[in-house]
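Engineer: sequence below, structure please.
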Amino acid sequence: MHLTPASYPATRFRRNRRTDALRRLTQETAFGVNDLIWPVFIQDDAGSSDIASMPGVQRHSTEALLPRVEEAARLGVPAVCLFPYTAPSARTETCEMAWHPDNLVNRTIRAIKDAVPEMAVMTDIALDPFNIHGQDGLMRDGIVLNDETVDALVKMALSQAEAGADILGPSDMMDGRIGRMRMALEAEGHHGTSIMSYSAKYASVFYGPFRDAVGASAVLKGDKKTYQMNPGNTDEALRLVARDLTEGADSVMVKPGMPYLDVCRRVKDEFGVPTFAYQVSGEYAMLKGAMAQGWLDPTKGMAESLLAFKRAGCDGVLTYFAPEMARHLRDVNGTA
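Structural biologist: Next up is the predicted model:
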């Protein structure tokens, strides 16, 4: 039943804002450490290397990453998501390294699960880190192939599940891949492997720094508009989410994040399923750039940007700020 509030002065909305305690008691949305997934970049080279377009973010060897994952676990971050860097010289047209049992991703999955078993490991399923063309799928005569790509992605999914991944993240946007992956996982006994589908992934300008991080910028030929979504469409996003859920997705994602908060809200309201968003590299780079110039308070800007995802209905966020946000929450709350 809709209630009309009493008129002023019986109703003064400022009463609930008068003190910090009252503001905290009446806050409708809060962001917590359990809402964080940390995307990390991995490399075969030893040590760590800076990513120029993503200040504060590095690529790490498996060995260099492990202590950082251990620290994230101590802070309470529940999951990391792995993205590999592949040098242009190591890429091929057939992308068979994507499902090799001892590739960089699979080695890192096993290392994390051995060293930090409580940390959930999420992976990326797409061919762009391994593809000589920088596309998410196999190509022939300049066309990204759907069904042939799905065959490859199923092999990639099984390889990652066998290595111990907890969550598979198909980010390729090929038609039919969720159903094929789910059937293959069930057939091979991977009944507990979760799929977080990138159901509504838009053809966005905000991915630029990420492509630098995984080595795709230098090799990408053409664009990805034949499989990633038109930024002007939201009804289509709902149809894609519905399809992926009926095919066996356990949760869904909207990507990018802040420019598409309206889509997050529509997905959550329509389906009521675990809904995630990715605060992508371009969003992170913009915020960090403004913070470096003194135009945004670093901590408050980070925290407010992440709160927006929760307010829009998201159950969690992939964000490069994850360890920093977890430390902030620990400092504010006295615990992670």
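Engineer: any low-confidence regions in the stretch 151-300 of the chain?
Structural biologist: Applying pLDDT under 70 to the stretch 151-300 of the chain flags the ranges 215-218.
Engineer: now the strands for it?
Structural biologist: Per DSSP state E, counting those that start in this stretch, the stretch 151-300 of the chain carries strands over the ranges 167-170, 194-201, 251-255, 275-279.
Engineer: angle of the longest one against strand 275-279?
Structural biologist: If you take axes from the mean of the first three to the mean of the last three CA atoms, to 10 degrees, strand 194-201 sits at 60 degrees to strand 275-279.
Engineer: strand 194-201: how far from the chain's middle?
Structural biologist: 9 Å (CA atoms, centre = their mean, to the nearest Å).
Engineer: helices or strands up against that strand?
Structural biologist: strand 167-170, helix 177-187, helix 235-247, strand 251-255, helix 261-271 (3 or more CB pairs under 8 Å, 6 or more residues apart in numbering; DSSP states H and E). For the C-beta atoms, the positions are set from N, CA and C on the backbone; glycine is no exception.
Engineer: may I have the strands that pair with that strand, each with its orientation?
Structural biologist: Note on strand 194-201: by DSSP bridges, its sheet partners are strand 167-170 (parallel), strand 251-255 (parallel).
Engineer: list the contacts of the longest one.
Structural biologist: Just to be clear, that refers to strand 251-255. 169, 171, 194-202, 204, 237, 241, 244-245, 260, 263-264, 267, 271, 273-278, 280, 314-315, 318 (CB atoms under 8 Å, 6 or more residues apart in numbering).
Engineer: out of those, which end up buried?
Structural biologist: Neighbour-count burial (16 or more other CB atoms under 10 Å) applied to the contacts of strand 251-255 gives 169, 171, 194-202, 204, 237, 241, 244-245, 260, 263-264, 267, 274-278, 280, 314-315, 318.
Engineer: which residue ranges of the stretch 101-250 of the chain form helices?
Structural biologist: Counting by DSSP state H, counting those that start in this stretch, one finds helices in the stretch 101-250 of the chain at the ranges 104-115, 147-163, 177-187, 208-213, 235-247.
Engineer: tell me which of those sits nearest to residue 334.
Structural biologist: helix 104-115 (27.4 Å; CB to CB).
Engineer: and the contacts of that closest one?
Structural biologist: Contacts of helix 104-115 (CB under 8 Å, 6+ apart): 42-44, 62-63, 65-66, 69-70, 80, 82, 84, 86, 100, 119, 121, 123-124, 159-160, 162-165.
Engineer: buried subset of those?
Structural biologist: Going by neighbour count (16+ other CB under 10 Å), the contacts of helix 104-115 have 42-43, 62, 65-66, 69, 80, 82, 84, 86, 119, 121, 123-124, 159-160, 162-165 buried.
Engineer: possible to save the helices of the stretch 101-250 of the chain as CSV with distance to residue 221?
Structural biologist: CSV is the format used below for the helices of the stretch 101-250 of the chain (distance: least, CB to CB, whole Å):
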stretch, distance to residue 221
helix 104-115, 23
helix 147-163, 16
helix 177-187, 22
helix 208-213, 12
helix 235-247, 25
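Engineer: tell me which of these sits nearest to residue 9.
Structural biologist: helix 235-247 (43.9 Å).
Engineer: got a list of what residue 51 touches?
Structural biologist: Residue 51 neighbours (CB under 8 Å, 6+ apart): 41, 57-59, 209, 212-213.
Engineer: how about the backbone phi and psi for it?
Structural biologist: Backbone torsions of residue 51, given as degrees, to the nearest 10, read phi -110, psi 110.
Engineer: quick one: it from residue 281, how far?
Structural biologist: Distance, residue 51 to residue 281, using CB to CB, to the nearest Å: 9 Å.
Engineer: likewise residue 132?
Structural biologist: 22 Å.
Engineer: looking at the two, which is more packed in?
Structural biologist: Using other CB atoms under 10 Å, the more surrounded residue of residue 132 and residue 281 is residue 281, with 24 against 16.
Engineer: how close does that one sit to residue 287?
Structural biologist: 11 Å.
Engineer: same thing with residue 213?
Structural biologist: Between residue 213 and residue 287 the computed distance is 16 Å (CB to CB).
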